[in-house]
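1. okay, here's the prediction I keep looking at, along with the sequence it came from:
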Amino acid sequence: MAAHDVPLYDLAVIGGGINGTGIARDAAGRGLSVLLIEKDDLASHTSSCSTKLIHGGLRYLEYYKFGLVAEALAEREVLLRAAPHIISPLQFVLPHEPHLRPAWMIRAGLFLYDHLGGHRTLPASFGVGLRGTRWGAGLQEKFTRGFVYSDARVDDARLVVLNALGAKEGGADIRTRTRLVEARREGGLWHIELADRSGGSAQVRCRGLVNATGPWVKQVRDAASRAPGRENVRHIKGSHIVVPRVHAEEHAYILQNSDQRIVFIIPYQNAFSLIGTTDISLEDFEKPVISREEIDYLCDIANSYLAGPIGRGDVVWSYCGVRPLYDDGADNPSAITRDYVLKLDPGERGEAPMLSLFGGKLTTYRRVAETVLAELKPFFPQMKREWTAGAPLPGGDMSGGGLAACERDLAARYPGLPGELRTALLHRHGTRVSHVLGEAKSAAELGTHFGRTLYAAEVDYLVAVEWARSAEDVLWRRTKCGLHLSAEQRDSVAAYLHEQYGQEDS
Ligand SMILES: Cc1cc2nc3c(=O)[nH]c(=O)nc-3n(C[C@H](O)[C@H](O)[C@H](O)COP(=O)(O)OP(=O)(O)OC[C@H]3O[C@@H](n4cnc5c(N)ncnc54)[C@H](O)[C@@H]3O)c2cc1C
């Protein structure tokens, strides 16, 4: 193919996790032509394996990370406005244990947490009695006092998909199941080789490259650079377990362990509780799995607080992710910085830059995108101004009444559909529920019913609009229906995808 026939983009973003999709959306909205490539499914690695919190990170105050906490708290407000369907406020109860952290220290920390980050809409922290009150639901009687503070939870995988959707709507070309094989500089441009799952290959050129490959950041950077970079990434495994709901109240618990680590117990998907996480250094990070020791560790911590003990047999689902942390030399995995670090490789004569992202959190992805584009601005002087702070994510454009008004509106428009289905779809698609439902008057018009809130109409939408290909994409990332369906019902989703679209379950 002659060089001038090879497609040319301003920016190629490698990595379809939260950071890559966030950067692609921001860049596309500023008028750059953008290609995003992801070797697997969107959010199939770290970005779907988090604790699912949009939070300042109370515990980072102990490491004096005030800047990081303030930035994350400010972002929490921005994101609550941008995607109220997938991000919602959540209150946390911290049972007080004087031998671990004295009350004055916790009060001081919570005071800071309430005031860092500027304007906030969430309730401030306060002290509570736990024994016999709803705040102590499910806890052992010995816990009598505690503190309540506010943060937010998020559907992490959907946050990624919505950013990809926003990028696409801004004009970006999104290619999943497509791997960057080689990138080299030539004539002031990047020349990139791509390979897809079906054995196909493609070449593209771009003016700038963003390496947002999370755990793979160093590998990709070193492969594309003339010399290996000095920066390193630490791969820290974190696992979660899901068990039947341990209490009926709406709040989460933040538990302190004697090893100074904290573990969360979070109400999850109505019927369940999510418990995590661990911090374990890994050498081989490609396919992390949760170990029996991790399951026992999480159960043991939960059991030192809960009135009704849990064990391995209660675990209905678990997942495991790898934090790609910037190596700041800390020995203790919990103490390594959670902040992000950008490394710019400007190329010879200042052409064809490559920007690599180390670390970061879901919570700060939008700020990461702004910082990345500020760094790239000299290479793209035509780039428009920052715009994402006030812009809703797809489906998040709710007027004054917010989610509650949207739900009422949905009930009025689709009275023939089960309430559980309407609510579930609202929390997946926000104001775009009608894109899934069309004119359907009853559930029967939504095609095959796979179980609970999953119908063929939504599966078709996820394939057509949200890059879903396999049953796993549908059941565990675009939705969490996997948790609510039997093995047989899950298999029927795979069979449907195969019959309708010829998709392999990979
Ligand atoms: C256990 C755990 C709990 C966490 N909890 C929270 C939390 O509650 N709140 C919070 O804010 N943050 C949390 N985080 C942090 C957050 O999840 C991560 O910082 C974030 O998801 C990283 O996103 P990413 O896009 O950088 O990486 P990833 O999501 O891993 O995305 C990188 C992508 O690059 C792709 N890729 C790699 N190489 C190539 C290639 N050659 N070609 C094409 N694609 C490629 C990969 O397939 C991958 O999908 C947590 C992390 C973990 C592990």
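-> Yep, that arrived.
2. need the residues of the stretch 351-500 of the chain near the ligand, please.
-> Gly360, Lys361, Leu362, Thr363 (C-beta under 6 Å from any ligand atom). Backbone N, C-alpha and C define where each C-beta goes, glycine included.
3. so who does the closest residue to the second one other than its chain neighbours touch?
-> Once its chain neighbours are removed from consideration, Lys361 has its nearest residue in Arg338; the separation is 5.8 Å (C-beta to C-beta, 6 or more residues apart in numbering). The neighbourhood of Arg338, defined by C-beta atoms under 8 Å, 6 or more residues apart in numbering, consists of Gly57, Tyr60, Lys65, Leu68, Arg323, Leu325, Gly359, Gly360, Lys361.
4. so the first one sits against Val69, correct?
-> Pointing back at Gly57 there. Yes: Gly57 is within contact range of Val69, at 5.8 Å (criterion: C-beta atoms under 8 Å).
5. more neighbours: those two, which one.
-> Taking neighbours as other C-beta atoms under 10 Å, Gly57 and Val69 compare with Val69 leading, 24 against 19.
6. give me the buried positions along the helix or strand where Glu458 lies.
-> Element membership for Glu458 (DSSP states H and E) is helix 456-465. Neighbour-count burial for helix 456-465 flags Ala457, Glu458, Val459, Asp460, Tyr461, Leu462, Val463, Val465 (criterion: 16 or more other C-beta atoms under 10 Å).
7. could you do stretch 227-242 as well?
-> So, applying 16+ other C-beta under 10 Å, buried residues of stretch 227-242: Val233, Arg234, His235, Ile236, Lys237, Gly238, Ser239, His240, Ile241, Val242.
8. gap between Leu8 and Ile336?
-> Plainly put, Leu8 is 39 Å away from Ile336 if you go by C-beta to C-beta, to the nearest Å.
9. Gly400 now?
-> 42 Å.
10. more neighbours: these two, which one.
-> Ile336 (21 against 5).
11. give me phi/psi at the residue nearest the centre of the chain?
-> For the chain, Asp156 is the residue whose C-alpha lies nearest the centre (C-alpha atoms, centre = their mean; 2.9 Å). The phi/psi pair for Asp156 (degrees, to the nearest 10) reads phi -60, psi -50.
12. ditto for the one 5 residues further on
-> The main-chain torsion angles of Val161 are listed as degrees, to the nearest 10 and equal phi -60, psi -40.
13. now do the contacts for it.
-> Shown in contact with Val161 (C-beta under 8 Å, 6+ apart): Thr21, Leu42, Ala43, Glu466, Trp467, Arg477, Arg478.
14. same thing but at 10 Å, please
-> Counting by C-beta atoms under 10 Å, 6 or more residues apart in numbering, Val161 touches 16, 21, 41-43, 47-48, 86, 155, 393-394, 428, 462, 465-468, 473, 477-478.
15. do you know how far it is from the ligand?
-> 12 Å (C-beta to the nearest ligand atom, to the nearest Å).
16. now do that residue, the pLDDT please.
-> On pLDDT, Val161 comes in at 98.
17. picking that back up, quickly list what's touching both of Gly57 and Val69.
-> Tyr63, Tyr113, Arg338.
18. possible to save those as TSV with pLDDT?
-> Output for the shared contacts of Gly57 and Val69, formatted as TSV (pLDDT from 0 to 100):
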residue	pLDDT
Tyr63	77
Tyr113	93
Arg338	75
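19. and which of these is nearest to Val78?
-> Comparing these against Val78 with C-beta to C-beta places Tyr113 closest, at 17.3 Å.
20. quick check: which element contains the closest one?
-> Following DSSP H and E, one finds Tyr113 within helix 103-115.
21. now do that helix: everything it contacts.
-> The contact list for helix 103-115, computed with C-beta under 10 Å, 6+ apart, reads 55-59, 61-62, 66, 69-70, 73, 94, 96-98, 100-102, 120, 122-127, 145-151, 256.
22. helix or strand next in line after that helix, which one?
-> Counting by DSSP H and E, what follows helix 103-115 is strand 126-129.
23. what's the local residue count around the residue in the stretch 1-150 of the chain that the ligand sits nearest to?
-> Nearest to the ligand in the stretch 1-150 of the chain, going by C-beta to the nearest ligand atom, is Gly17, at a distance of 2.2 Å. Neighbour count for Gly17, taken as other C-beta under 10 Å: 28.
24. please shift the residue numbers so they start at 7 in all later answers.
-> That works, and once the first residue is 7, the last one we named lands at Gly23.
25. for it, what are its contacts?
-> Contacts of Gly23 by C-beta under 10 Å, 6+ apart are 44, 48-54, 162-163, 166, 169, 218-221, 330, 363, 366, 368, 371.
26. could you pull up the mean pLDDT of stretch 316-331?
-> Here the average pLDDT along stretch 316-331 is 96.
27. how about that stretch: buried residues?
-> For stretch 316-331, by 16+ other C-beta under 10 Å, it's Ile316, Asp320, Val321, Trp323, Ser324, Tyr325, Cys326, Gly327, Val328, Arg329, Pro330, Leu331.
28. stretch 372-387 too?
-> For stretch 372-387, the buried set under the neighbour-count rule, 16+ other C-beta under 10 Å, comprises Arg372, Arg373, Val374, Ala375, Glu376, Thr377, Val378, Leu379, Glu381, Leu382, Phe385, Phe386.
29. give me the pLDDT for the last one.
-> Here, the pLDDT recorded for Phe386 equals 97.
30. isn't it right up against Cys212?
-> No: counting by C-beta atoms under 10 Å, Phe386 does not reach Cys212; the two are 11.3 Å apart.
31. show me which helix runs longest in this protein.
-> In the chain, assigned by DSSP state H, the helix with the most residues is helix 72-88.
32. just the CA atoms of that helix, as CSV, please.
-> These are the backbone C-alpha positions of helix 72-88, laid out as CSV (Å, rounded to 0.1, in the frame of the first residue of the first chain):
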residue,chain,number,x,y,z
PHE,A,72,-3.5,15.8,50.0
GLY,A,73,-3.2,16.9,46.4
LEU,A,74,-4.4,13.5,45.1
VAL,A,75,-7.3,13.4,47.5
ALA,A,76,-8.4,17.0,46.8
GLU,A,77,-8.3,16.4,43.0
ALA,A,78,-10.2,13.1,43.4
LEU,A,79,-12.9,14.7,45.6
ALA,A,80,-13.4,17.6,43.2
GLU,A,81,-13.7,15.0,40.4
ARG,A,82,-16.3,13.1,42.4
GLU,A,83,-18.6,16.1,42.1
VAL,A,84,-18.0,16.4,38.3
LEU,A,85,-18.6,12.7,37.7
LEU,A,86,-21.8,12.6,39.8
ARG,A,87,-23.2,15.3,37.5
ALA,A,88,-21.9,13.7,34.3
